[in-house]
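Q: Take a look and give me a structure for this.
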Amino acid sequence: MKFYIHTFGCQMNVCDSLWIAAALRQKGYTQVMSEKEADVILINTCSVRQKPEQKVYSMLGRIEPYLKNNPNLIVGVGGCVAQQVKETFWEKFPFVRLIFGTDGVRSVPDSIVRLSENPDLKISLLDFLDYYPEREIIIDRTLTKQQAGAYVNIMQGCDNFCAYCIVPFTRGRQKSRKTENILNECKKFAEAGIKEITLLGQNVNSFGKDKYGDGVSFPQLIRKVSKIEGIRRIRFTTSHPKDISDELIALFGELENLCPAIHLPLQSGSNTILAKMGRKYTIEDYLQIVEKLRKVRDDIVITTDLIVGFPTETEEDFLETLKRVKEIEFDSSFSFKYSDRPGTKATKMEPKIPDEIKSERLKRLQNLQDKLTHKSLNKLKGKVVEVLVEGKSAKQGKDNQISLKGREGGGRVVNFLTKQTNNIHVGSLVKVKITEIKKHSLFGEVIL
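A: Got it, this is the predicted structure:
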């Protein structure tokens, strides 16, 4: 049987989808790149904002006609939208046969086998478990030859309950994974040739602080991962400013294989809005963290998330956000218009900001960020950076050259040309001199 997986949303969803794919291949299924070819279609969803949720419904509407030619087609919906909507999915889309939440991921491969054996069966995997749902560590060596890095979950869920965020309702309360299991997975990836590990969690800084912790803090976990032979780069996401520690900050100046990059969501530059969001830090706290990070590592790349048009946000509040973005000079940012999410505190907050005002503010913010991103990238022009090769670039090579892409230590995309005879492949670490600055990426030439 052939399967197709479409993933919306965060890196944790990507990690879940990669595991499901590896587990299905292990059972003899074949992965295809088009939903039209598949006997099994899985959609891993995101409901952090309204737009990704609507994309899921649109995709399901597009898939439904496929059942005319393939009545045994198995369609499954997982992730945050599935956890949010639950079994009511079957009322609107009765052809969906599998619904699974984040704690149900490990049961998806076996469930698909059951569904293929019983055409009348439907399965729901939506229960939250009172422990981290460990799953088999599957290392597909054929696949690892095609990738430079791997994602490793270190926790599940979140206890913060920010006023705008649906995650605690769709991913459950925080559950830290056992350190031994995390390190075992990292070691197996390293043995398979993976050079970069990204540690994932809704709030990695609070790892080990819940009742499932085993006494190891997040900085201590990074130290342990850094000692694994073969791991050349370590990244992590996402960090909550209220939980970031001086010990973690210090690691950027101590560990050679900890990448000089951190994603640190600010959300708003206004203390008034931050308080209403329930973020539990002030702009002054955030600025102090940035100062400490840059003191330890002056070339650290700092990225962020920003929400415009949160309920009650005034023009003055928004100007505070612009002011702080300009002051901090983020290397890049992900910015979005606020949208109500079911069950969150912010849905009851008034007044709501008209969409036209949110759109106008978002445009101003993104225009500012484009200038800051260009300024950040321009600092690398003429410099030599180390790039971890991830694969072929969309840009075409000439003569006996091939075009490749990868990321430098700060996480920025670098495209470059190299001769076929140089034997540079996925997973290679190469020196590249930056010659051109693009809008969101860099271009250079290999230094041998």
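Q: Okay, domains of the chain per the record?
A: Following automatic domain parsing, the chain resolves into domains at 2-125, 144-259, 292-379, 384-447.
Q: out of the ones you listed, nearest to Tyr281?
A: domain 144-259 (4.7 Å; CB to CB). Quick note: C-beta positions are derived from backbone N, CA and C, even for glycine.
Q: Going along the chain, name the helices of the stretch 51-200 of the chain.
A: With DSSP state H, counting those that start in this stretch as the criterion, the stretch 51-200 of the chain has helices at 80-85, 89-92, 108-117, 141-144, 167-170, 179-191.
Q: Could I get the average pLDDT for stretch 87-97?
A: Mean pLDDT, stretch 87-97: 90.
Q: Next up, phi/psi of Val387, please.
A: Note on Val387: its backbone torsions stand at phi -120, psi 130 [degrees, to the nearest 10].
Q: Can you name the residues that contact it?
A: Shown in contact with Val387 (CB atoms under 8 Å, 6 or more residues apart in numbering): Gly406, Arg407, Glu408, Val414, Phe416, Leu429, Val430, Lys431, Val432.
Q: give the contact list for the first one.
A: Under the criterion of CB under 8 Å, 6+ apart, the contact list for Gly406 reads Ala148, Val387, Leu388, Val389, Glu390, Val413, Val414, Val430.
Q: Might one say that the fifth one is in contact with Arg407?
A: Yes - taking CB atoms under 8 Å as the definition, Glu390 is a contact partner of Arg407 at 6.8 Å.
Q: So for the two, which sits in the more crowded spot?
A: When Glu390 and Arg407 are compared for neighbours, Arg407 comes out ahead with 24 against 19, by other CB atoms under 10 Å.
Q: Please tell me the pLDDT value assigned to the more buried one.
A: According to the model, Arg407 scores 97 on pLDDT.
Q: That one bridge partners, please.
A: When bridges are called by DSSP bridges, Arg407 pairs up with Leu388, Val413.
Q: Any idea what Val96 is bridged to?
A: Beta-bridge partners, per DSSP bridges, of Val96: Val75.
Q: can you give me the helices in the stretch 251-400 of the chain?
A: 271-277, 283-296, 315-328, 355-378.
Q: so which of those gets nearest Cys259?
A: helix 283-296 (12.9 Å).
Q: elements contacting that closest one?
A: Packing partners of helix 283-296 (3 or more CB pairs under 8 Å, 6 or more residues apart in numbering; DSSP states H and E): helix 246-254, helix 271-277, helix 315-328.
Q: For that helix, which residues meet the burial criterion?
A: Across helix 283-296, burial judged by 16 or more other CB atoms under 10 Å covers Ile283, Tyr286, Ile289, Val290, Leu293, Val296.
Q: what's the closest of the residues you listed to Lys227?
A: Val296 (20.3 Å).
Q: Next, work out how far apart that closest one and Phe218 are.
A: Counting by CB to CB, to the nearest Å, the separation of Val296 from Phe218 is 16 Å.
Q: Show the contacting residues for Arg294.
A: Here Arg294 is in contact with Ile300 (CB under 8 Å, 6+ apart).
Q: Can you tell me what sits against the helix or strand Thr418 falls within?
A: For Thr418, the enclosing helix or strand under DSSP states H and E is strand 413-419. With contacts defined as CB under 8 Å, 6+ apart, strand 413-419 is touched by 385, 387, 393, 395, 397-398, 400-408, 424, 430, 432, 434, 438, 440-446.
Q: Now that strand: average pLDDT?
A: The average pLDDT for strand 413-419 rounds to 92.
Q: Distance from the chain centre to it, please.
A: Distance of strand 413-419 from its chain centroid, counting by CA atoms, centre = their mean, to the nearest Å, is 24 Å.
Q: Check which residues of that strand are buried.
A: Under 16+ other CB under 10 Å, the buried positions of strand 413-419 are Val413, Val414, Asn415, Phe416, Leu417, Thr418.
Q: next one: stretch 224-237
A: Val225, Ser226, Ile228, Ile231, Arg232, Arg233, Ile234, Arg235, Phe236, Thr237.
Q: Just flag the most distant two among these.
A: Longest span within the buried residues of stretch 224-237, CB to CB: Ile228 and Thr237, 19.2 Å.
Q: Burial check on the nearest residue to Lys337 once chain neighbours are set aside, number of neighbours?
A: Once flanking residues are discounted, Lys337 sits nearest to Lys358: 4.2 Å by CB to CB, 6 or more residues apart in numbering. By other CB under 10 Å, 21 other residues sit near Lys358.
Q: what sits against Lys358?
A: Val308, Gly309, Lys337, Tyr338.
Q: How much space separates it from Ala346?
A: Here Lys358 is placed at a distance of 14 Å from Ala346 (CB to CB).
Q: which intervals of the stretch 151-300 of the chain have sub-threshold pLDDT?
A: Across the stretch 151-300 of the chain, nothing is flagged by pLDDT under 70.
Q: Mind exporting the C-alpha coordinates of the strand holding Thr418 to PDB?
A: This file holds the C-alpha atoms of strand 413-419, laid out as PDB (Å, rounded to 0.1, in the frame of the first residue of the first chain):
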ATOM      1  CA  VAL A 413      19.900  29.300   4.400                       C
ATOM      2  CA  VAL A 414      23.000  29.300   2.200                       C
ATOM      3  CA  ASN A 415      22.900  28.300  -1.500                       C
ATOM      4  CA  PHE A 416      26.200  27.600  -3.300                       C
ATOM      5  CA  LEU A 417      27.700  26.100  -6.400                       C
ATOM      6  CA  THR A 418      30.300  23.400  -6.300                       C
ATOM      7  CA  LYS A 419      32.100  21.100  -8.800                       C
END
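Q: Alright, calling it a day.
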